[in-house]
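Enquirer: starting from these lines, generate the structure:
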Amino acid sequence: METALNRRDVFKFFGVAAFTALQLPAADPTAPLFFSRDEFALLDALTELIIPSDDHSPGAHEAGVAAYIDRTAAEAYLPEDKTSWRQGLAAINELSQNMSGSVFLKAAKAQQMVLLKQIAAAEKAPKTEAERFFTQLKQTTAFAYYSSSIGIHKDINYKGNVMLDKFVGYEAT
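Expert: Just a heads-up that it's a prediction; the model follows:
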């Protein structure tokens, strides 16, 4: 007895075979969009040092500041908006290597703080790549943190558009 394949059966067979062969592994939802994992870990550590967790509120890590910067850099239109982040992170690691003999994440916490204090001291008139980067990093970290739910609601206790019986802020005079 002869088995004849009709055209539909052939297309079904090749369609299923092609679909099975072309299936790609699922993307890792925790993977950074723009930065390498090492760059992202450095970025996350730096943002957490700028706005650390304390007993009042969670810090930049919990607020997802590094993920916000990663997404912003990935979606940046201008090439320099992408390269400035990579160059800045590389400059931090290079400065750390010169100061402590190791990249920033492998340096002792005290060495990390010395490095940050040094580049923060030049914030008004940055001269080096690391000092310029720190200004960019600090401004973006503050923006992302205070735009997050954690920054707005847990840190500054923003209540929204509600009538308050008394002014609970401070006078900036």
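Enquirer: for the closest residue to S148 other than its chain neighbours, give its distance to T141.
Expert: Leaving aside its sequence neighbours, S148 sits nearest to A63 (C-beta to C-beta, 6 or more residues apart in numbering; 4.1 Å). From N, CA and C alone the C-beta is placed, and that goes for glycine too. A63 sits at a distance of 9 Å from T141 (criterion: C-beta to C-beta, to the nearest Å).
Enquirer: what are the buried residues along the helix ranked longest in the chain?
Expert: Taking DSSP state H as the criterion, the chain has its longest helix at helix 79-100. Across helix 79-100, burial judged by 16 or more other C-beta atoms under 10 Å covers 82, 84-85, 88-89, 91-93, 95-96, 100.
Enquirer: packing partners of it?
Expert: helix 37-50, helix 65-75, helix 109-121, helix 129-147 (3 or more C-beta pairs under 8 Å, 6 or more residues apart in numbering; DSSP states H and E).
Enquirer: may I see the ones you listed arranged in CSV, with distance to G160 and mean neighbour count as well?
Expert: Compiled in CSV, those are given as follows (distance: least, C-beta to C-beta, whole Å; neighbours: other C-beta atoms under 10 Å):
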stretch, distance to G160, mean neighbour count
helix 37-50, 26, 19
helix 65-75, 22, 19
helix 109-121, 33, 15
helix 129-147, 15, 19
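Enquirer: and the ones you listed: which comes nearest N161?
Expert: Nearest of the helices and strands packed on helix 79-100 to N161, taken as C-beta to C-beta: helix 129-147 at 17.1 Å.
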